[in-house]
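Novice: Build me a structure from this.
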Amino acid sequence: MQLAESDTHTPAATLSDGAFQRLQKAIVEGEIAPGSRISEQFLSSTYGISRGPLREAIRRLEGRRLVVRVPHAGVRVVSLSYEELIELYHVREALEGMACRLAAQNMTDEEIVNLREVLATHERHAGLQANQSYYQQEGDLDIHFVIIQGSKNRTLSDMLCADLYHLVRMYRYRFSSAPKRPQKAFAEHHRIVEAIADRDGELAEMLMRRHISASRRNIERRMLEQRDAITSSGGSKQ
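Specialist: Presented below is the predicted three-dimensional model:
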């Protein structure tokens with residue numbers, strides 16, 4: 001799929017935005033794998049993006065921590081170590097738990113109705129019904145995003161919905177297909193939403209912390225399995 005740039009009258013900012021959105025989606029969904037070197041020539045030919053908008057898009061991706069500049073190696077897609085990823089999830093557990101407590105206090109009745117509608121959209125997702133994958137849309141269709149915004153705390157929103165949001169989404173997307181995890185995650189989301197609707201901030205915070213802790217344990221298990229498989233494979237070749 002290429003980004004159309006045939007219209008010579010299209011403003012540079014629009015082309016840059018399109019390039020940025022396309023590359024961000026490709027990175028988050030794993031189409032461009034973690035650790036991959038970012039080659040301007042390859043991306044330009046693969047996605048049909050001219051060099052000017054491409055360079056601006058890469059700069060913005062760097063700002064969102066999705067790509068990093070490595071000395072003597074150029075620009076690469078971020079690839080967190082096991083320790084870095086687990087640290088990130090500990091931060092999420094604390095901050096999103098706090099956001100949940102505040103959301104129970106501050107969300108309007110109309111916003112809670114919308115939150116339930118978002119959850120209903122997730123429930124209709126074919127991957128969830130087959131217990132194979134979770135619904136992974138961003139922004140206003142993401143339960144976590146909606147709850148954080150509902151906290152009405154600008155600092156939390158800036159940290160969780162800007163600085164860390166797409167980096168977290170990248171790993172949520174990657175590890176959301178664990179056996180039986182999608183429906184368990186949905187059930188956890190359902191209980192969280194009901195606690196918010198009941199205005200029980202203490203319970204909502206506890207449930208969100210448990211939910212993210214369960215996701216972290218799933219990631220720990222999956223990453224350790226991958227590490228053991230690589231170690232075993234390396235040993236068998238010796």
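Novice: mind listing what's buried in the helix ranked longest in the chain?
Specialist: If you go by DSSP state H, the chain has its longest helix at helix 201-236. Residues of helix 201-236 classed as buried by neighbour count (16 or more other CB atoms under 10 Å): 201, 203-209, 211-212, 215-216, 218-219, 223. All C-beta atoms are positioned from the backbone trio N, CA, C, and that covers glycine.
Novice: Output the contacting helices and strands for that helix.
Specialist: Here helix 201-236 touches helix 82-106, helix 165-175, helix 181-197, going by 3 or more CB pairs under 8 Å, 6 or more residues apart in numbering; DSSP states H and E.
Novice: And the residue nearest the centre of the chain, how close does it get to V68?
Specialist: Ranked by distance to the mean C-alpha position of the chain (CA atoms, centre = their mean), the top residue is R169 at 0.6 Å. Distance, R169 to V68, by CB to CB, to the nearest Å: 17 Å.
Novice: Pass me the low-pLDDT residue ranges in the chain, would you?
Specialist: By pLDDT under 70, the weakly predicted segments of the chain are 1-13, 126-136, 176-179, 234-238.
Novice: Look at the closest residue to the residue nearest to the centre of the chain other than its chain neighbours and say how many residues are nearby.
Specialist: Excluding its sequence neighbours, the residue lying closest to R169 (CB to CB, 6 or more residues apart in numbering) is V28, at 5.1 Å. Neighbours of V28 under the rule other CB atoms under 10 Å: 23.
Novice: what sits up against the helix or strand hosting S157?
Specialist: Assessed by DSSP states H and E, S157 sits inside helix 154-158. Contact partners of helix 154-158, identified using CB atoms under 8 Å, 6 or more residues apart in numbering, comprise L95, M98, A99, L102, I148, Q149, S151.
Novice: contacting residues around the closest residue to the third one other than its chain neighbours?
Specialist: Ranked by CB to CB, 6+ apart and with sequence neighbours excluded, the top spatial neighbour of A99 is S151, at 4.1 Å. With contact set as CB under 8 Å, 6+ apart, S151 has these partners: M98, A99, C100, L102, A103, N106, S157.
Novice: Would you list the buried entries among those residues?
Specialist: M98, A99, C100, L102, A103, S157.
Novice: what comes up buried for stretch 102-118?
Specialist: L102, A103, A104, M107, E111, I112, L115, V118.
Novice: Share the number of residues neighbouring D158, please.
Specialist: So D158, with other CB under 10 Å, has 11 neighbours.
Novice: And it, how close does it get to D17?
Specialist: D158 is 21 Å from D17, by CB to CB.
Novice: What is the neighbour count of the nearest residue to M206 once chain neighbours are set aside?
Specialist: Excluding the flanking residues, the one nearest M206 by CB to CB, 6+ apart is G97, at 7.4 Å. When neighbours are counted by other CB under 10 Å, G97 registers 20.
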